[in-house]
Each structure stands twice: as structure tokens, then as C-alpha cells.
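> No sequence on hand, only this structure:
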């Protein structure tokens, strides 16, 4: 999962360069601010932000920056960055706005958008999300009778996600399918009915009339526009057209993990006044995230997004296994089976690139990181080495003499040198685990320690512990260094990932 959002990369770099010039000065004049704002304006326009939105943004920031009373404890340049950050958050929507289901069941959700924007896949993603996270009974219905195999595509997505789909009856019109879907949802006791409307390659009157008819029959509680974020200003125009004719309640941005310029995301709310509710961060059905304006602003300004990283860790890491490892750590034990599990957890978080992209200040190290050429494939090679060992060797690595290492190397398709590196890494981690075992609980005291037995009982009852609402307060300040990245600001073999996730010393490079 590319949670580092490549689409904002060029904008982030331009803004970072501009602000570096500001923070290097002891005091700022009005001319300094105006010069900086011209650079910011140019960066926004190059990133495909609409002229109207960019102008409003610059005017607001300039007014606040020139009239702001600079705090004695804050450098003037930092004050301007804070103002830009707050204005970015305001432009993106200020607060997170989730899909609303506050209506009588079945709640109709209508999906609209152009063909190729990822509308059908997004329908399946949202249905999966509502089923798994909110325990809702969902019925999906495809109203696309024009695109070949569109209805079949949604039926297959239903099978993959375990969500019911409306039976396909050949020859029915979209309006007839809508009426049948609503009737079936009422009779079947469904909580939500998702209506996947037809798209076109461009906006036309026929598309709008058909969508209006569907809207009038279904009376959707939510009308979500699915927009491809890589189409730039055209996506903004599409959003405005759909809102004017149909009346949308929110936007879902797809392909936000791509290498576009990001301006569409920054412009859409400004142009339509409607919130961005969700973002598609990959092709897999679980790669859909809530849109948090403040976190996105942090990423654009290279302030990181540690809160999202911790939340991702809480979702993907097996809490029971983690608790069992923590219990062993407290006794000073950490074998190669435990290391293999840690490698697995890193893979679930998206690999080193995804994790690094969420950390503050990482944008300034981009050249060093590109030169380091980190290879997430090392996880697979290291796990292959561990899998080629006997159970006794995994529990007692000291048994691995020269002949055993040759056997493991042959079995895993690696070299003795790689095995030695893995064993050295394990020793470093085992030492680190002993130190961590003497410390507090989850997130350094943010949550109490819970035994593996208690966690297993919670899992069975469906009552797992929740992250604290004031999560930011429990995160270490400053964030610990990433191990194995000496020369990039970190210290090899020290530190740890948030969420009780230890770092990986000596992380490898591509050959």
C-alpha cells in the first residue's frame, strides 16, 4: 500500500524548498511573505489546483501571515508554515466526514461518475468496509446495462467480498433495476442498498437524465461521486457537473497512490463545497481509507502521518501474537520464529517504503532514500532462510554451525553470508527486546498491558481494545529513529516502530 501518496510528491518538494528559505531567516518582511506566496501559488498551479482555489488560498494565507502576531517562541518562517498548514486543512475540508447511514433502512447509497473512474470496484470496497467494520447487511445492484459485463463484474465482486448482489435479469432498464433493488432490500431486511450507476466516457445529457430518474426513485441518502484523481482539472469539472445536475453528498477519490500532481484533491471541495469522504490507495479491495484533511495536509508539508501509521498497525497486526511476543520479551526471550513474525508484520504494513512515507521530515531525505534503494523483497528472503531451519534451530540459533548454515543456504536459495547477516540482526533485535521488555505497555503507556489470554478472550467476544482517542498525546516525541538507516538521521540497531512494532536493524539494499 503506497500510503506515502506519490501524487503529492512534486507539490510537497516545491513547498518544502520555499519554506526552507523562510525558516532560514531571523525576521520576515512583508515582501518576504509575498515572494514566498508567489512561489506557493506557482507550486499549486503546477500541481493542477484550479486557479480560483489557488487564488483564494494565497489571499487568505497572505492576509493572515502579514497580520499575524509572531509568537516569541516560534520563528517567523515556522509561523508562516503553520498558517499554510491550517489553510490547507481548511481547503481540504477541516474535519473528516464519514459516509452517513443515519436514515431508515435500507439506506440507499448511489454511486455516480464517469466510466473508468473505478466506480464499480469502489462500490465493492465500500460494501466490504461497511460489512466488516460496521457489521451491516449490504445489497449491491448494478444499474449499468450498457457496458459489457458490468453487472457480471459487480456479481464477482460480491462473491469476493461475501456481499449479496441483486439477481441479474436481462432486458431490464436501469430504472426498473432500481425499483427492484429497493423492493428486494426492504423485503430482505438489508441495512444498506448500493446502486452502481452507469458511466460514460464524458458528460452527456442522456447520462444525466438517466441518473436523475434513478435518484428520484431511490431517493439516496448518500450520492457519492467516484473521481479518478489522476485526471486533474477534468475531474474537478466532472464533480461540478454532477453536483449541479444530480446533487452529490460526497466524493471518493481513486488512484490516489498514482504519480499525478494532486491538484484535483485540493480543488474538489473548494469548487463543489462537498467533502472528500474516502480515498482509494490501491487496487486491492481493502485499500480504501477515510479522508482526513489534517493528515493529508501533514503529508503535503512533509510533517508525516504517524497517527495513520499507528492505526494501520492496530488494524493489521495480530494483537494476540504481538502480546505473546511481548510476554516473551519481558523474560528476555526472542527467537527466530518471533523474528519471522515481525517480518510478516512489516509486510502487512506495506513494507519499508510505505512506513517511511508516513514519518515526519522524510521528504528532505528523498535523494538519500532513493540512493539507498531499499528492497522490501528482503523480507521474503529472510523468511525463506528461517523456514529452512529446523524447529530446534529457530528456537536456539546458536546451534547453527558452519555445516548447518550451508544446509540452510542450499534449502533457501541464499548464501551463508546472508544467513550470518540475519543472525546478527536477530542478536541486535534480541538485545533491543530485552530493553523494551523493561519498559511500559502499548505506545509507551498509552494503553495498559494486556495478557495474550485476555486478548484471546476479547477476540472471541468481539470486544478488542480501542486506540485512545487522544492518540497523538501517547506517541513518542520525538519519534524514535528507524534502525538500520544510519546516515539518514537514524542510528543503526536502535529505536522502534510505533504500536509496539520493533524496527529492523540492517535493512538491506537491492543487489
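Great, that's in hand. Remember, predicted model here, so these are calculated numbers, not experimental data. Numbering: from 1, shown residues only.
> Check the closest residue to residue 145 other than its chain neighbours and give its pLDDT.
Closest residue in space to residue 145, ignoring its immediate chain neighbours: residue 174 at 5.9 Å, by C-beta to C-beta, 6 or more residues apart in numbering. In short, each C-beta sits where N, CA and C put it, glycine included. Confidence at residue 174, expressed as pLDDT, is 94.
> need the contact list for residue 174.
Going by C-beta atoms under 8 Å, 6 or more residues apart in numbering, residue 174 touches 143, 144, 145, 197, 198, 210, 213, 214.
> where does the last one sit relative to residue 220, distance-wise?
Right, the one you point to is residue 214. Counting by C-beta to C-beta, to the nearest Å, the gap from residue 214 to residue 220 is 8 Å.
> Identify the contacts common to those two.
110, 195.
> for the protein, what's the longest helix?
helix 416-437 (DSSP state H).
> From the contact counts, what lies against it?
If you count contacts as 3 or more C-beta pairs under 8 Å, 6 or more residues apart in numbering; DSSP states H and E, helix 416-437 packs onto helix 319-330, helix 336-348, helix 378-387, helix 402-412, strand 501-502.
> weakest of those by average pLDDT?
strand 501-502 (a mean of 38).
> where along this structure do the strands fall?
Secondary structure of the chain (DSSP state E): strands at 107-112, 138-142, 164-165, 192-196, 222-228, 250-254, 276-280, 288-290, 496-497, 501-502.
> of all the ones you listed, which lies closest to residue 418?
Closest approach to residue 418 among the strands of the chain (C-beta to C-beta): strand 501-502, 20.6 Å.
> What's the mean pLDDT across stretch 125-137?
94.
> what do you get for stretch 269-288?
86.
> tell me which residues of it are tucked away?
For stretch 269-288, the neighbour count (16 or more other C-beta atoms under 10 Å) marks 269-272, 274-282, 285, 287-288 as buried.
> can you check stretch 37-50 too?
37, 39, 40, 41, 43, 44, 45, 47, 48, 49, 50.
> out of those, which are inside helices?
Per DSSP H, the subset of the buried residues of stretch 37-50 in helices is 37, 39, 40, 41, 43, 44, 45.
> what's near enough to touch the first one?
For residue 37, the residues meeting the contact criterion (C-beta under 8 Å, 6+ apart) are 58, 61, 62, 65.
> follow-up on the earlier one: against residue 127, how distant is the residue nearest to residue 145?
For residue 174 relative to residue 127 (C-beta to C-beta), the value is 19 Å.
> got CSV for the ones in helices among the buried residues of stretch 37-50, with distance to residue 160 and pLDDT too?
Converted to CSV, these look like this (distance: C-beta to C-beta, whole Å; pLDDT from 0 to 100):
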residue, distance to residue 160, pLDDT
37, 48, 84
39, 47, 82
40, 44, 82
41, 45, 84
43, 41, 79
44, 39, 81
45, 41, 81
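> Is it correct that residue 198 is in contact with residue 151?
No - counting by C-beta atoms under 8 Å, residue 198 does not reach residue 151; the two are 10.3 Å apart.
> Quickly list what's touching both of those two.
144, 145.
> In space, what's closest to residue 394 - neighbours in sequence excluded?
Using C-beta to C-beta, 6+ apart, the nearest residue to residue 394 is residue 336, at 4.2 Å.
> The one you found contacts residue 398, doesn't it?
No - in this structure, residue 336 is not within contact of residue 398 by C-beta under 8 Å, at 11.1 Å.
> Among the two, which residue is more densely surrounded?
Using other C-beta atoms under 10 Å, the more surrounded residue of residue 336 and residue 398 is residue 336, with 22 against 8.
> Spit out the contact partners of the more buried one.
386, 389, 393, 394, 395, 397, 426.
> related to what we said a few turns ago, next, work out how far apart the residue nearest to residue 145 and residue 115 are.
14 Å.
> Equivalent analysis for residue 280, please.
With C-beta to C-beta as the criterion, residue 280 and residue 115 are 16 Å apart.
> now swap in residue 166 and tell me
21 Å.
> ok, now residue 45?
Counting by C-beta to C-beta - residue 45 and residue 115 are separated by 29 Å.
> Could you single out the nearest of the contacts of residue 37 to residue 132?
residue 61 (40.4 Å).
> And the pLDDT at that closest one?
84.
> for the one 5 residues further on, same thing?
Predicted confidence (pLDDT) at residue 66: the value is 75.
> cool, the one 5 residues further on as well?
We note a pLDDT of 48 for residue 71 in this prediction.
> How about residue 212?
At residue 212, pLDDT is 94.
> since we're on it, how many residues are nearby?
13.
> ok so, going back, of residue 166 and residue 115, which one has the most company?
Between residue 166 and residue 115, residue 166 has the larger neighbour count (other C-beta under 10 Å), namely 24 against 16.
> before we move on, back to that, would you mind saying which of the strands of the chain lies nearest residue 184?
Using C-beta to C-beta, the strands of the chain put strand 138-142 closest to residue 184, at 6.5 Å.
> domain ranges for the chain?
6-92, 107-292, 316-502 (automatic domain parsing).
> measure the residue nearest to residue 203 when sequence neighbours are not counted to residue 423 for me?
Using C-beta to C-beta, 6+ apart and skipping the chain neighbours, the partner closest in space to residue 203 is residue 241 (5.0 Å). Using C-beta to C-beta, residue 241 is found at 61 Å from residue 423.
> can you check residue 393 too?
Residue 393 is 11 Å from residue 423, by C-beta to C-beta.
> Give the residue spans of the stretch 351-500 of the chain that score low on pLDDT.
Applying pLDDT under 70 to the stretch 351-500 of the chain picks out residues 351-376, 433-500.
> repeat for the stretch 51-200 of the chain
Short version for the stretch 51-200 of the chain, where the test is pLDDT under 70: 67-78.
> Excluding sequence neighbours, find me the nearest residue to residue 337.
Closest to residue 337 by C-beta to C-beta, 6+ apart is residue 394, at 5.0 Å.
> ok, the one you found - contacts?
With C-beta under 8 Å, 6+ apart, residue 394 has these contacts: 335, 336, 337, 340, 386.
> could you measure it against residue 431, distance?
18 Å.
> Let me know whether residue 110 touches residue 223 as I believe.
Yes - at 4.7 Å, residue 110 and residue 223 qualify as touching, with contact defined as C-beta under 8 Å.
> Spit out the residues that contact the two alike.
Going by C-beta under 8 Å, 6+ apart, residues that sit against residue 110 and also against residue 223 are residue 215.
> what's around residue 160, how many residues?
There are 11 residues near residue 160, going by other C-beta under 10 Å.
> so who does the residue nearest to it when sequence neighbours are not counted touch?
Among residues not flanking residue 160 along the chain, residue 285 sits closest, at 6.5 Å (C-beta to C-beta, 6+ apart). Residue 285 is in contact with 121, 124, 125, 128, 157, 160, 161, counting by C-beta under 8 Å, 6+ apart.
> With distance to residue 134 added, can I get the ones in helices among the buried residues of stretch 37-50 in JSON lines?
Shown next, in JSON lines, are these (distance: C-beta to C-beta, whole Å):
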{"residue": "37", "distance to residue 134": "43"}
{"residue": "39", "distance to residue 134": "44"}
{"residue": "40", "distance to residue 134": "40"}
{"residue": "41", "distance to residue 134": "42"}
{"residue": "43", "distance to residue 134": "39"}
{"residue": "44", "distance to residue 134": "36"}
{"residue": "45", "distance to residue 134": "40"}
